[in-house]
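Asks: pasted the sequence and its predicted model underneath.
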Amino acid sequence: MDSSNALGEYLRARREQVRPADVGIVPGGLRRVPGLRREEVALLAGISADYYLRLEQGRDRNKFTDILAVNELCTALSPNYRVGVNMMRAVFLDPAEHALRRDWLDLTDEAVAVLRANVGPDLSDPRLVELVTELRRAVVESQVTG
């Protein structure tokens, strides 16, 4: 498995193991490969086919700490564990998340380090600038009001 795109390799391998009939899809037309088509997986996952393709190709990694998938156990741990939630925002801005974490200071240090490592040299990425600006503003406001 190529470690530079482990998620894509995993998604492809799992997709190939599931037959359309296994998930209630009536097979139709010719299939070049066994298993589900990308579009079918995207439909079942509730995401766009384009987004699924980017995940499988390694072009859209979870570099801003967005939650891409959850399971029942995960959601039992924190209400913030929902698809689409940005964990940087949750950890820094949600008082309930802060209260859940005895190691909150260590967690925030680690979160910043992970974000820096994931983003790499692309510091001008508009999404990064927006996220950092929002978090910085919230920290400043909490220092002023707190």
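Replies: Arrived safely, thanks for sending. Everything quoted here is computed from the prediction, not taken from an experiment. Residues are numbered from 1 along each chain as shown.
Asks: helix or strand for residue 63, which one?
Replies: Taking DSSP states H and E as the definition, residue 63 sits outside all helices and strands.
Asks: how far away is it from residue 32?
Replies: In this view, residue 63 and residue 32 are 32 Å apart by C-beta to C-beta, to the nearest Å. From N, CA and C alone the C-beta is placed, and that goes for glycine too.
Asks: who has more neighbours, the two?
Replies: Neighbour totals were compared for residue 63 and residue 32, and residue 63 leads with 16 against 5 (other C-beta atoms under 10 Å).
Asks: my guess is that one contacts residue 119. True?
Replies: Yes: applying C-beta atoms under 8 Å, one finds residue 63 in contact with residue 119, separated by 6.0 Å.
Asks: how far is the longest helix seen in the chain from where the chain is centred?
Replies: Counting residues, the longest helix found in the chain (DSSP state H) is helix 126-145. The chain centroid and the centroid of helix 126-145 are separated by 21 Å, computed with C-alpha atoms, centre = their mean, to the nearest Å.
Asks: and what of stretch 53-65?
Replies: Averaging C-alpha coordinates over stretch 53-65 and over its chain gives two centres that are 8 Å apart (C-alpha atoms, centre = their mean).
Asks: what's it in contact with?
Replies: The contact list for stretch 53-65 (C-beta atoms under 8 Å, 6 or more residues apart in numbering) reads 4-5, 7-8, 11-12, 38, 51, 68, 86-88, 111, 114-115, 118-119, 127-128, 131.
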